[in-house]
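Visitor: Here's a sequence, model it:
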Amino acid sequence: MTTPMPLDRRRVVVTGMGAVTPLAVGVLPTWEGLLAGHNGIGRIRSFDPEPYASQMAGEVLDFDPVDFIDRKQANRTARFTQFALAATMEAMDQSRLTVDDSNRFQVGVIVGSGIGGLKVTEEASYTLRDRGPRRLSPFTVPMILADIAAGEIAMKLQACGPNFALISACATGAHAIGEAAEIIRRGDAVACIAGASEASVTPLAVGAFAAMRALSQRNEDPEHASRPFDKGRDGFVVAESCGIVVLEDLDHARRRGARILAEVAGYGATADAHHLTAPDPSGRGARHAMARALEKAGAGPEDVDYINAHGTSTELNDAAETSAIKQTLGDQRARQIPISSTKSMTGHSLGGAGAIESIFSVMAIVDGRVPPTINYEDPDPECDLDYVTEGARRVDPELVLNNSFGFGGHNACLAFRRLVD
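Guide: Numbers count the residues shown, from 1 in each chain. Just a heads-up that it's a prediction; the model follows:
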């Protein structure tokens, strides 16, 4: 077993990434789609959306679970778990991390989901109503539970370190990555598979989010429905996705010769303590999360080169986030930093959003380019920063912030940095 290092020496890096998104299955094709301004949003195909107030989504259309797992396992796992297994395989392949008897109790899996197996819940309720309790599948409970993706990944890899799921609505993915990094920092693991997965484009989710007037109703023009920071925004577009990263102790990664993509330099987590679903309009909680991430990274406003915004395309969120950025960085500095919302192309994948957007943040560091915010056509006086509206931009960032905020007032901010000694 590896001897833990002193806390003041332990740094956490990203060595592998995997993604399943409405743009593509895989990190690189998704990234190229983002840079090109491609849109993964369209009219819902997985069920008839006609009766619904919102009829569009960011669906993963070209995913076959048997490309990644055998058919028997596919039949007993929910879609969000299938996404998680596929993304983990890609991340582990890139990382080339081996889990064996020498380290398996020091490799953790921290993978969350905002909702878990919602489609299974819906279908089981119909079975119970129409056919009775004896016709329920024995796999119903494990397919529903939000922690099962983490459990399945651990079994697949035989990783026996810390293993659990985080649930914090739309901040889930960022919290999972941040908390996994903290597990490594304190010496309870040398590596963690971390992220989140969501597959909630279902009748119940679409109907319920529409009932609370959270979703866009621009049904006649789905590709322009997600328009973060634009004055004409009228709600988010629900989506599905999964993002998985392999995090490692820096010295552990170096000893095995891993390619290091970026460092997890800082992490801040706060609560609005304001409202069940609406953000604090003052941006107080978001501001403190961003400030904490910068503090832990040993960085200041002048060090921030790019922000991947939460940017949901809702009236309240986009205005509150813009205010929080200004308060954190200062009005003048905030106006100098490129900011983009990739949800303009992927839609909002709830618990999965913070995980895929962490990957996009790391890719900005690796690639030296940042993706645009599409559909920004009518400037909102309350959203007046540089949202990268004219296509992808060459930035070559050293330090990137990724914001994620969730219903319940949950806030998370991750700071990623190009590795420097």
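
Visitor: gap between Phe236 and Pro51?
Guide: Distance of Phe236 to Pro51, computed by C-beta to C-beta, to the nearest Å: 20 Å. C-beta: built from backbone N, CA, C; applies to glycine.

Visitor: out of these two, which sits in the busier spot?
Guide: Regarding Phe236 and Pro51, a neighbour count based on other C-beta atoms under 10 Å identifies Phe236 as having more, with 26 against 8.

Visitor: how about the more buried one, what does it touch?
Guide: Each residue near Phe236 by C-beta atoms under 8 Å, 6 or more residues apart in numbering is listed here: Ala214, Leu215, Ser216, Ser226, Thr312, Ser313, Thr314, Lys343, Gly347, His348.

Visitor: before we move on, what about Asn39?
Guide: Residues touching Asn39, when contacts are defined by C-beta under 8 Å, 6+ apart, comprise Glu223, Ser344, Met345, Ile374.

Visitor: which stretch of helix or strand covers the spatially closest residue to Glu390 that is not a sequence neighbour?
Guide: Residue nearest to Glu390 in three dimensions, not counting chain neighbours: Pro372, with 7.0 Å by C-beta to C-beta, 6 or more residues apart in numbering. Pro372 is part of no helix or strand when elements are defined by DSSP states H and E.

Visitor: How many neighbouring residues does Pro372 have?
Guide: The number of residues packed near Pro372 is 23, by other C-beta under 10 Å.

Visitor: residues in contact with it?
Guide: Pro372 is in contact with Leu35, Gly37, Ser340, Ser344, Val388, Thr389, Glu390, Gly391, Ala392, Arg393, counting by C-beta under 8 Å, 6+ apart.

Visitor: Ok, Asn402 next?
Guide: Asn402 is in contact with Ala174, Ile307, Asn308, Gly354, Glu357, Ser358, Phe360, Ser361, Cys413, Leu414, Ala415, Phe416, counting by C-beta under 8 Å, 6+ apart.

Visitor: if we can go back for a sec, name the member of the contacts of Phe236 with the most neighbours.
Guide: Each of the contacts of Phe236 was scored by neighbour count (other C-beta under 10 Å); the top score is that of Ser226, with 34 neighbours.

Visitor: roughly how far apart are that residue and Ala196?
Guide: To Ala196, Ser226 is 20 Å away according to C-beta to C-beta.

Visitor: Buried ones among the contacts of Asn39?
Guide: Neighbour counting over the contacts of Asn39 (16 or more other C-beta atoms under 10 Å) leaves Glu223, Ser344, Met345, Ile374 as the buried ones.

Visitor: hang on, His275 packs against Gly409?
Guide: Yes. Counting by C-beta atoms under 8 Å, Gly409 is a contact partner of His275 at 6.9 Å.

Visitor: Tell me which of those two has more neighbours.
Guide: Neighbour count, other C-beta under 10 Å: between His275 and Gly409, Gly409 has more, with 22 against 13.

Visitor: where's Asp251, which helix or strand?
Guide: helix 250-255.

Visitor: no, scratch that, I was asking about Tyr267
Guide: Element membership for Tyr267 (DSSP H and E) is strand 262-271.

Visitor: Show me which residues of that strand are buried.
Guide: Those would be Ala262, Glu263, Val264, Ala265, Gly266, Tyr267, Gly268, Ala269, Thr270, for strand 262-271 by 16+ other C-beta under 10 Å.

Visitor: pLDDT and distance to Tyr126 for the residues you listed - can I get that in a markdown table?
Guide: Shown next, in a markdown table, are the buried residues of strand 262-271 (pLDDT from 0 to 100; distance: C-beta to C-beta, whole Å):
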| residue | pLDDT | distance to Tyr126 |
| --- | --- | --- |
| Ala262 | 98 | 45 |
| Glu263 | 98 | 48 |
| Val264 | 98 | 43 |
| Ala265 | 98 | 47 |
| Gly266 | 98 | 46 |
| Tyr267 | 98 | 41 |
| Gly268 | 98 | 42 |
| Ala269 | 98 | 38 |
| Thr270 | 98 | 40 |
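
Visitor: Could you single out the nearest of the residues you listed to Ala57?
Guide: Top of the list for closeness to Ala57, among those and by C-beta to C-beta, is Ala269 at 28.5 Å.

Visitor: where exactly do the strands run in the stretch 51-200 of the chain?
Guide: Assignment of strands within the stretch 51-200 of the chain using DSSP state E, counting those that start in this stretch yields the ranges 56-57, 107-112, 163-164, 191-198.

Visitor: count of neighbours near Ala309?
Guide: The burial count assigned to Ala309 is 27, neighbours taken as other C-beta under 10 Å.

Visitor: what sits against it?
Guide: Shown in contact with Ala309 (C-beta under 8 Å, 6+ apart): Pro228, Glu321, Ile325, Ile339, Ser340, Ser341, Tyr387, Asn403.

Visitor: Give the helix, strand or coil label for Asn39.
Guide: Using DSSP: H, G, I helix; E, B strand; the rest coil, the structure places Asn39 in coil.

Visitor: related to what we said a few turns ago, return the list of helices and strands in contact with the helix holding Asp251.
Guide: strand 12-20 (3 or more C-beta pairs under 8 Å, 6 or more residues apart in numbering; DSSP states H and E).

Visitor: Buried ones in stretch 209-228, by neighbour count?
Guide: Applying a neighbour-count criterion of 16+ other C-beta under 10 Å, one finds 209-210, 214-216, 218-219, 222-228 buried in stretch 209-228.

Visitor: no no, stretch 228-246
Guide: Neighbour counts using 16+ other C-beta under 10 Å place 228-230, 233-246 of stretch 228-246 among the buried residues.

Visitor: Also stretch 18-38?
Guide: For stretch 18-38, burial by neighbour count (16+ other C-beta under 10 Å) applies to 18-27, 30-35, 37-38.

Visitor: Repeat that for stretch 183-196.
Guide: Judged by neighbour count using 16+ other C-beta under 10 Å, the buried positions of stretch 183-196 are Ile183, Ile184, Arg185, Gly187, Ala189, Val190, Ala191, Cys192, Ile193, Ala194, Gly195, Ala196.

Visitor: Which two among those are spaced furthest apart?
Guide: Spanning the widest gap among these are Gly187 and Ala196, at 24.2 Å by C-beta to C-beta.

Visitor: Please indicate which of the contacts of Pro372 are buried?
Guide: With neighbours counted by 16+ other C-beta under 10 Å, the contacts of Pro372 contain buried members at Leu35, Gly37, Ser340, Ser344, Val388, Thr389, Ala392, Arg393.
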